[in-house]
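> Attaching a predicted model along with its sequence, questions to come.
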Amino acid sequence: MKDDKQAESLQNYKDFIDGLVDIRLSVLSNWVLTKGWPKTEENSKINEFINGLSQDQKQILAHIIQQSRDGGIHDVLVFLTDEININGLKLIKNETEMAKEPFDSEMYYDWDCRREGDPWPDSEKS
């Protein structure tokens, strides 16, 4: 029974980190590269600005926007890590506490690795 709880705790951790990886891509970056902001009066200046950019400039702006989003996710994970390690915060899903640093690394580090496409440390080597 204890092994089942530990496995669920670890899976909750992996799901949490992978869930953040799944939502990391910025819709704003996509808008810069595709259709622009929704066509409203308040967005007209933004769309005018974007339409004046070259494709290379749009790529750079989209990259900056994505870095900002990634930085925000990273900063929240640093905060959560500190709250868990220093102040006793616990994340619980379906009555099971999420594993705490199951790979001896902080959750923001695990998120960075997964974001870059690295496998989980406990996955089988092919």
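Nice, I can see it.
> contacts, neighbours, all on C-alpha from now
Will do.
> Please give me every residue in contact with Met98.
Counting by CA atoms under 8 Å, 6 or more residues apart in numbering, Met98 touches 9-10, 12-13, 90-92.
> just the strands in this protein please.
In the chain, the strands defined using DSSP state E lie at 92-93, 96-97.
> Any chance of the ones you listed in a markdown table with mean pLDDT and mean neighbour count as columns?
Listed next are the strands of the chain as a markdown table, based on pLDDT from 0 to 100; neighbours: other CA atoms under 10 Å:
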| stretch | mean pLDDT | mean neighbour count |
| --- | --- | --- |
| strand 92-93 | 94 | 13 |
| strand 96-97 | 94 | 16 |
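> Tabulate those (JSON lines), appending distance to Glu106.
Formatted as JSON lines, those follow (distance: least, CA to CA, whole Å):
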{"stretch": "strand 92-93", "distance to Glu106": "17"}
{"stretch": "strand 96-97", "distance to Glu106": "16"}
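> re earlier: kindly give a single PyMOL line that selects the buried subset of the contacts of Met98.
Here is the PyMOL command that selects only those of those that count as buried (16 or more other CA atoms under 10 Å):
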select buried, resi 9+10+12+13+91
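> Sort out for me which of the contacts of Met98 are in helices.
Among those, the residues falling in helices (DSSP state H) are 9-10, 12-13.
> need those residues in CSV with pLDDT and distance to Glu106, can you?
Converted to CSV, these look like this (pLDDT from 0 to 100; distance: CA to CA, whole Å):
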residue, pLDDT, distance to Glu106
Ser9, 95, 16
Leu10, 95, 14
Asn12, 96, 15
Tyr13, 97, 11
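> where in the protein is pLDDT low?
Low-confidence segments of the chain (pLDDT under 70): 1-2, 124-126.
> if we can go back for a sec, which among the ones in helices among the contacts of Met98 gets closest to Asn30?
Distances from Asn30 to the ones in helices among the contacts of Met98, taken as CA to CA, are shortest for Tyr13 (28.7 Å).
> thought the closest one was touching Ala99?
Yes: assessed by CA atoms under 8 Å, Tyr13 is found in contact with Ala99 at 5.7 Å.
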